[in-house]
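Participant: Sequence and computational prediction follow.
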Amino acid sequence: MKVATLYRIARAHPTLFGKTNLQQYRCFQPDFVPRDPKAKPTRYKYPDSYDPYGPRPPPSDKIVQLAEKIASLPPEERMQIGPALRDKVMHPKLQPIAVEGIDLGTPRAGSSKAEEKKAEKTTFDIKLEKFDAGAKLKVIKEIRSFTDLGLKEAKDLVEKVPVILKQQVTKDEANSIIEKIKAVGGVAVME
């Protein structure tokens, strides 16, 4: 056992027995170049803006005149340029991408009737409008059953009526919660 302990000590501290493993040190590796300690760090000059395609030549006079003509057109005619150019060059029509839950802003004046039809709402917020004074405790208990609020938070929430109880719930879940609140003496609505 003493030999094994002596061997472990020799492996752990190679300098004790005059044996060093110099290749472990960075300065003895062949590709290492020591840095001058007095040298200042290299400063690189970066461009103001990065253009991955490099410098571009200026547009020709023909293109500049065409851009000026397009800019001078009224908005109704400018909207017709895209479809007319696509038909002329025979590019395929781009298909609309389903963007559920993303606000795309107001619809344009030339949108089709399908886009004008309002999208059906899939998520709702539940708002507590009022409750009976005698049923306050029951309403607080019911609110705690479908939220992760503590007793104090639920009580504070109920005292701030009208208040939103839960957000982004499905229609079925919202209806079940409204029925439960109505059963204990409160009035809740979907928004």
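Facilitator: Arrived safely.
Participant: helix or strand right after the one helix or strand in the chain whose mean pLDDT sits lowest?
Facilitator: Using mean pLDDT, DSSP states H and E, the weakest-scoring helix or strand in the chain turns out to be helix 113-116, at a mean of 51. Reading on from helix 113-116 to the C-terminus, the next helix or strand found by DSSP states H and E is strand 124-131.
Participant: Looking at the helix or strand following that following strand now, give me its mean pLDDT.
Facilitator: Downstream of strand 124-131, the next assigned helix or strand under DSSP H and E is helix 136-146. Averaging pLDDT along helix 136-146 gives 88.
Participant: Which secondary structure elements does helix 136-146 sit against?
Facilitator: strand 124-131, helix 151-159, helix 171-184 (3 or more CB pairs under 8 Å, 6 or more residues apart in numbering; DSSP states H and E). C-betas here are computed from N, CA, C, even on glycine.
Participant: Can you tell me which of the ones you listed is packed in deepest?
Facilitator: Counting by mean count of other CB atoms under 10 Å, strand 124-131 has the highest mean neighbour count of the helices and strands packed on helix 136-146, with a mean of 18.
Participant: Strand partners (parallel or antiparallel) of that one?
Facilitator: Strand 124-131 has the following sheet partners, assigned by DSSP bridges: strand 163-169 (antiparallel), strand 186-190 (antiparallel).
Participant: any low-confidence regions in this protein?
Facilitator: For the chain, applying pLDDT under 70 flags the ranges 1, 10, 12-30, 32, 99-119.
Participant: of the helices and strands packed on helix 136-146, which approaches Ser145 most closely?
Facilitator: Ser145 sits nearest to helix 171-184 of all the helices and strands packed on helix 136-146, at 7.6 Å, using CB to CB.
Participant: Just name the most buried of the strands paired with strand 124-131.
Facilitator: Ranked by average neighbour count under the criterion mean count of other CB under 10 Å, the strands paired with strand 124-131 are headed by strand 186-190 at a mean of 18.
Participant: re earlier: to Gln95, which of the helices and strands packed on helix 136-146 lies closest?
Facilitator: Closest of those to Gln95 is helix 171-184, at 29.2 Å (criterion: CB to CB).
Participant: List the neighbours of that closest one that are in contact with it.
Facilitator: Contact with helix 171-184 is made by 122, 124, 126, 128, 131, 135, 138-139, 141-143, 145-146, 165-166, 169, 187-190, as judged by CB atoms under 8 Å, 6 or more residues apart in numbering.
Participant: Please repeat the previous calculation with a cut-off of 7 Å.
Facilitator: Residues outside helix 171-184 that contact it (CB atoms under 7 Å, 6 or more residues apart in numbering): Phe124, Ile126, Leu128, Ala135, Lys138, Val139, Glu142, Phe146, Lys166, Ala188, Met190.
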